[in-house]
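[1] build me a structure from this.
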Amino acid sequence: MHPFEKETIDKVIEGIASKKEAREVAMWFSETVEGRHKRMRKIYWQAAAVLIPVIMILGITFQLNNQVNLFGKTVYAEVYVPKGKQEH
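    Below is the predicted model:
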C-alpha cells in the first residue's frame, strides 16, 4: 500500500471521504510503521493534554492548602468576656 496524500487523509478526518478511502487510510495507518508512529505521537499528545492540567491543578491546590490550610480542620475557641470588659 502506498502513502496517501495529505488531502485524502484530511478528507477522512473531516468525514467527507468515501468509505473506500476511509478504509484504505485506516488500514494504512494501522499497518505501517509510519502510521503507528503517528498514532503513538497522537496518543502521547492527548495524554499530555489531560495530565498536564491535572498535575497543575493538583500542585496549585496543594500549594494553596499549605499556605491557607484550605482542607484543614477548623478550630473554634469560645471566649468569655464579662459584661463591660474588652478582650484584645
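[2] drop to CA atoms for contacts and neighbour counts, all remaining ones
    Will do.
[3] check which helices and strands the helix or strand encompassing Glu7 is in contact with.
    According to DSSP states H and E, Glu7 maps onto helix 6-14. For helix 6-14, the packing partners by 3 or more C-alpha pairs under 8 Å, 6 or more residues apart in numbering; DSSP states H and E come out as helix 19-31.
[4] next SSE downstream of the helix it packs on?
    Sequence order places helix 33-68 as the next helix or strand after helix 19-31, per DSSP H and E.
[5] where does the prediction get shaky in this structure?
    1-4, 35 (pLDDT under 70).
[6] from Arg41, how far off is Glu7?
    Separation of Glu7 from Arg41 (C-alpha to C-alpha, to the nearest Å) stands at 20 Å.
[7] likewise Glu31?
    Distance from Glu31 to Arg41, by C-alpha to C-alpha: 16 Å.
[8] same check, this time on Met56
    22 Å.
[9] and Val81, by the same measure?
    On the measure of C-alpha to C-alpha, Val81 and Arg41 end up 68 Å apart.
[10] more neighbours: which of the two?
    Just comparing Val81 and Arg41: by other C-alpha atoms under 10 Å the higher neighbour count belongs to Arg41, 12 against 9.
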